[in-house]
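Novice: Below is the sequence, then the predicted model.
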Amino acid sequence: MNDDLYVIPVTFVGPLGSMVLNLALIVGPDRDTTLVDASMPGHVDEVAAALAADGFSMDDLRQIVVTHQDVDHIGSLAAIKIRSCATVIAHSIEAPYIEGKERLVKYPSQERLDQNPGMKEIFDQIGFAPVDRLVEDGDLLEIGGGTRVIHTPGHTPGHISLFLERSKTLISGDALTSADGQLAGPSVGATPDYSTAVESVKKLAALPEVNAIVTYHGGLVTDDPLGQLRRVAASL
Ligand SMILES: [Zn+2]
């Protein structure tokens, strides 16, 4: 979408239908590239193909930032890490889940897995991986000429959003959703601590300038993004 950010759409067809996941690729000087989130389990070839469509390969990846622990964000993390040798970055609260040391907050019940073998297969294939670098709210990463970490809990406890200081682009993960360029709040059904998630939306809405927002479920929002964000925050 601009010099330092590409939206990498990956389509997942699963037991609950098909959905598009919008991974982000931040490109800094010397093609120092950072992937944001790691799609569903078994998706490493789909991610590689989506990167290739924009002229990048797994070898280009230096870092993978994981916004949070959900299956559609960490599914192919181990495979992508092995293929790229990239460093994995995540919030300290979220790391034990991403590493497989703690049970995922939204891990389905045994009953639900028994009723849905397709879902069980997906959760059995999650590619947990070590987190190499822990980050906290307010950290400024050297990624893409300066990327601010914003802790946005509620959807999960250690969920982070990223703000690219140079292009004023917000990568919201699942702290926000969108459809056809229209911004909305976090998914009610997938956000266990909704009141905390609302506080996180208000925190994002306090950013002084936002030129674009990328949501994982919905993609790019460029039409008055900060105005939309402030209206969403006021409506929750
Ligand atoms: Zn999520």
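Specialist: Received it, and whenever you're ready, just let me know what you need. Bear in mind the structure is a predicted one, so any value in this text is a computation, not a measurement. Numbers count the residues shown, from 1 in each chain.

Novice: Point out the residues in this protein that sit beside the ion.
Specialist: Proximity of the chain to the ion (CB under 5 Å from the ion) is limited to residues 70, 174. The way it works is simple: take the backbone N, C-alpha and C, and place the C-beta from them, glycine included.

Novice: residue ranges with poor pLDDT in the chain?
Specialist: 1-3, 15-16 (pLDDT under 70).

Novice: which stretches of it form strands?
Specialist: Applying DSSP state E to the chain gives strands spanning 5-14, 17-27, 33-36, 61-65, 87-91, 133-135, 140-141, 147-151, 160-164, 169-173, 177-179, 182-184, 212-215, 219-221.

Novice: And these: which comes nearest Ala79?
Specialist: Closest to Ala79 of those is strand 61-65 (CB to CB; 11.0 Å).

Novice: The closest one packs against which elements?
Specialist: When contacts are defined as 3 or more CB pairs under 8 Å, 6 or more residues apart in numbering; DSSP states H and E, strand 61-65 sits against strand 33-36, helix 77-84, strand 87-91.

Novice: contacting residues around Ala175?
Specialist: By CB atoms under 8 Å, 6 or more residues apart in numbering, Ala175 lies in contact with 152, 154-155, 159, 161, 186, 197, 200-201, 204.

Novice: switch to 10 Å and redo it
Specialist: Contact analysis of Ala175 by CB atoms under 10 Å, 6 or more residues apart in numbering lists 67-68, 150-156, 159-161, 185-186, 191, 197, 200-201, 203-204, 215-216.

Novice: circling back to that earlier point, mind putting the strands of the chain into CSV with mean neighbour count?
Specialist: Output for the strands of the chain, formatted as CSV (neighbours: other CB atoms under 10 Å):
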stretch, mean neighbour count
strand 5-14, 17
strand 17-27, 18
strand 33-36, 26
strand 61-65, 23
strand 87-91, 24
strand 133-135, 16
strand 140-141, 16
strand 147-151, 21
strand 160-164, 26
strand 169-173, 27
strand 177-179, 18
strand 182-184, 18
strand 212-215, 24
strand 219-221, 21
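
Novice: now those as JSON lines including distance to Val232?
Specialist: JSON lines is the format used below for the strands of the chain (distance: least, CB to CB, whole Å):
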{"stretch": "strand 5-14", "distance to Val232": "20"}
{"stretch": "strand 17-27", "distance to Val232": "18"}
{"stretch": "strand 33-36", "distance to Val232": "21"}
{"stretch": "strand 61-65", "distance to Val232": "23"}
{"stretch": "strand 87-91", "distance to Val232": "23"}
{"stretch": "strand 133-135", "distance to Val232": "25"}
{"stretch": "strand 140-141", "distance to Val232": "26"}
{"stretch": "strand 147-151", "distance to Val232": "16"}
{"stretch": "strand 160-164", "distance to Val232": "14"}
{"stretch": "strand 169-173", "distance to Val232": "11"}
{"stretch": "strand 177-179", "distance to Val232": "10"}
{"stretch": "strand 182-184", "distance to Val232": "5"}
{"stretch": "strand 212-215", "distance to Val232": "10"}
{"stretch": "strand 219-221", "distance to Val232": "10"}
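
Novice: Tell me which of those sits nearest to Glu46.
Specialist: Nearest to Glu46 among the strands of the chain is strand 5-14 (5.1 Å), distances taken as CB to CB.
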